[in-house]
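*Asks:* Here you go, sequence then predicted model.
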Amino acid sequence: MREKVINYSFFFTGLMLFGLGNAIAVQVKYLGLHPWEVLNVAMFQKFGFSIGTWSTLIGLLFVALSWFMNRKYINIGTFLNALLIGPFTDLFLWLDFLPKATNTYLDYLNLACTMVIAGIAGGMYVAGGVGAGPRDGFMLSIAERTKLSVSRARILVELVVLAIGFTLGGPAAVASFFYTLIQSPIFQYTLKFFRNLRMQLIEGQVQQQGRV
């Protein structure tokens, strides 16, 4: 039971941080957003609802696609990821405490913070072991079917998503091409760090129970 509490604590904290990173990015969207957020914002600007709502709807769409392509990448964590990151993003935007665009170097600082936070968030929620996100599952399915490497499949999918978002009027700019390049190494490092931390916490709990 305690192991599950630790796992889900990492998972939900990671999702919340991901929503925070997305919300910060939206404030300086003129610099360019992550391809998936370009699509979410484009749908919001064109059809209404909210950015978080579109994040959820698109996430669920990719859950369905992954379900038909390869069900092994679908689990409870996949659904929770699809359902929660969007509302977390909307919540932080609604609270209205995040710094607005100033059209100065501070906007680039905010953008850098976004990329770091998202990289940390991804490492944290994946380290929880509850499950990967719907977009990750879809890219893994694409990699498996096309025999491409995971990194190439990710680049291919994100370029297609970016093109669709840009065509719909989303905020695609130079920074959109740097998200994966910057976030990936941060994700890899923090994933290893949080996995080790999670195991230390779990083993500590087991040792404490053994002494009782």
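*Replies:* Yes, it's here.

*Asks:* Kindly list the longest helix within this structure.
*Replies:* For the chain, the longest helix by residue count, based on DSSP state H, is helix 179-211.

*Asks:* Buried residues in that helix, which are they?
*Replies:* Tyr179, Thr180, Ile182, Gln183, Ile186, Phe187, Thr190, Leu191, Phe194, Arg195, Arg198, Leu201 (16 or more other C-beta atoms under 10 Å). Just so you know, the C-beta spots here come from the backbone N, C-alpha and C atoms, and that holds for glycine as well.

*Asks:* Please apply the same query to stretch 81-90.
*Replies:* Taking 16+ other C-beta under 10 Å as the basis for neighbour counts, the residues of stretch 81-90 that come out buried are Asn81, Ala82, Leu83, Leu84, Ile85, Gly86, Pro87, Phe88, Thr89, Asp90.

*Asks:* Among those residues, which one lies nearest to Asn22?
*Replies:* Ranking the buried residues of stretch 81-90 by separation from Asn22, with C-beta to C-beta as the measure, puts Thr89 on top at 4.4 Å.

*Asks:* Quick check: that closest one touching Thr53?
*Replies:* No. Counting by C-beta atoms under 8 Å, Thr89 stays clear of Thr53, with 9.6 Å between them.

*Asks:* what stretches of this protein score poorly on pLDDT?
*Replies:* 205-212 (pLDDT under 70).

*Asks:* repeat that with 50
*Replies:* For the chain, residues meeting the criterion pLDDT under 50 lie at 212.

*Asks:* for Asn7, what are its contacts?
*Replies:* Asn7 sits next to Gly128, Gly129, Val130, Arg198 when contact means C-beta atoms under 8 Å, 6 or more residues apart in numbering.

*Asks:* So of those, which two are at opposite extremes in space?
*Replies:* Pairwise distances across these peak at 11.1 Å for Val130 and Arg198 (criterion: C-beta to C-beta).

*Asks:* Report how many residues lie close to Phe97.
*Replies:* Each residue near Phe97 was counted by other C-beta atoms under 10 Å, and the total is 8.

*Asks:* That concludes my questions; thank you for your assistance.
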